[in-house]
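In: quick one: sequence plus predicted model below, questions after.
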Amino acid sequence: MPDVTYSLTASLDGYVIGPDGRFDWAAPPPDVFALATDEVRGLGVHLLGRRLYETMEHWRDVDPASLDDAEREFAALWNALPKVVFSRTLTHVRGPARLATGDLAAEVARLRDEVDGDIGIGGADLAHQAAGLGLIDEYRVRVLPVLVGGGTPYFAHDARQVRLRLVECRTYDEGVVHLRHRVVRDDA
């Protein structure tokens with residue numbers, strides 16, 4: 001059965017978007033960009049909210065001639081990856097994407113039976129919803145050595161305790177640390 005994985009880059013103080021709404025501080029060094037590409041390669045589908053969907057449409061719209069080899073590889077993988085977009089305002093999406101027709105739990109349950117590869121989930125708001133429903137199996141965070149002082153947190157601040165087990169910790173160029181934690185389930 002596929003895992004639901006939540007993977008984003010965060011500041012050392014735990015934010016994915018700064019208090020000014022920007023995330024330009026999150027540009028990864030080449031070895032971290034390669035890690036993100038490898039993660040996409042292992043996905044069977046990606047679930048995302050409207051804001052992340054619109055941000056990631058950059059890879060569909062960008063002129064491939066303006067990209068380096070690593071970026072072209074990422075763009076090809078990302079653009080081909082099936083996506084499910086959760087939005088109350090969008091009426092259509094492009095490429096191998098569809099608007100969600102069910103609630104988050106129902107979509108994940110259906111996809112667990114249908115896809116090969118893991119189910120990625122991105123966008124902090126959608127991931128916070130998934131975490132609240134107990135749907136996330138693994139957290140993958142690339143921690144950048146920068147403090148942004150506030151904004152949108154990587155983890156939901158919902159007063160809910162979740163036990164995690166560290167399965168991987170690697171350091172990368174420019175002081176980036178990649179952490180992978182599995183959710184510890186009492187029924188496992």
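Out: Good, I have the coordinates.

In: check contacts around the residue nearest to the spatial centre of the chain.
Out: Note on the chain: the residue nearest the mean C-alpha position is residue 122, at 3.2 Å, using Cα atoms, centre = their mean. Taking Cβ atoms under 8 Å, 6 or more residues apart in numbering, we find residue 122 in contact with 6, 7, 8, 46, 47, 48, 49, 52. Backbone N, C-alpha and C define where each C-beta goes, glycine included.

In: low-confidence ranges in this protein?
Out: Scanning the chain with the threshold set as pLDDT under 70 gives 187-188.

In: and for residue 42, the neighbour number?
Out: Residue 42: 12 surrounding residues under other Cβ atoms under 10 Å.

In: quick one: it and residue 118 touch, right?
Out: Yes - between residue 42 and residue 118 there is a contact under Cβ atoms under 8 Å: 5.8 Å.

In: what residues does stretch 141-150 touch?
Out: 7-13, 15, 18-19, 25-26, 28, 32, 35-36, 154, 172, 174-179.

In: report the distance from that stretch to the chain centre.
Out: Relative to its chain's centre, stretch 141-150 lies at 16 Å (Cα atoms, centre = their mean, to the nearest Å).

In: ok, which stretches of the protein are strands?
Out: Assigned by DSSP state E, the chain shows strands spanning 4-11, 15-17, 43-49, 83-86, 97-99, 118-122, 138-144, 152-153, 164-171, 177-183.

In: and these: which comes nearest residue 131?
Out: Among the strands of the chain, strand 4-11 comes nearest to residue 131, with 7.4 Å by Cβ to Cβ.

In: CA atoms of the closest one as PDB?
Out: Extracted as PDB, the C-alpha positions of strand 4-11 are listed here (Å, rounded to 0.1, in the frame of the first residue of the first chain):
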ATOM      1  CA  VAL A   4       1.200   9.400   2.100                       C
ATOM      2  CA  THR A   5       4.300  11.600   2.300                       C
ATOM      3  CA  TYR A   6       4.500  15.200   3.200                       C
ATOM      4  CA  SER A   7       7.600  16.800   1.800                       C
ATOM      5  CA  LEU A   8       8.500  20.500   1.800                       C
ATOM      6  CA  THR A   9      11.400  22.800   2.600                       C
ATOM      7  CA  ALA A  10      11.300  24.700   5.900                       C
ATOM      8  CA  SER A  11      13.300  27.300   7.600                       C
END
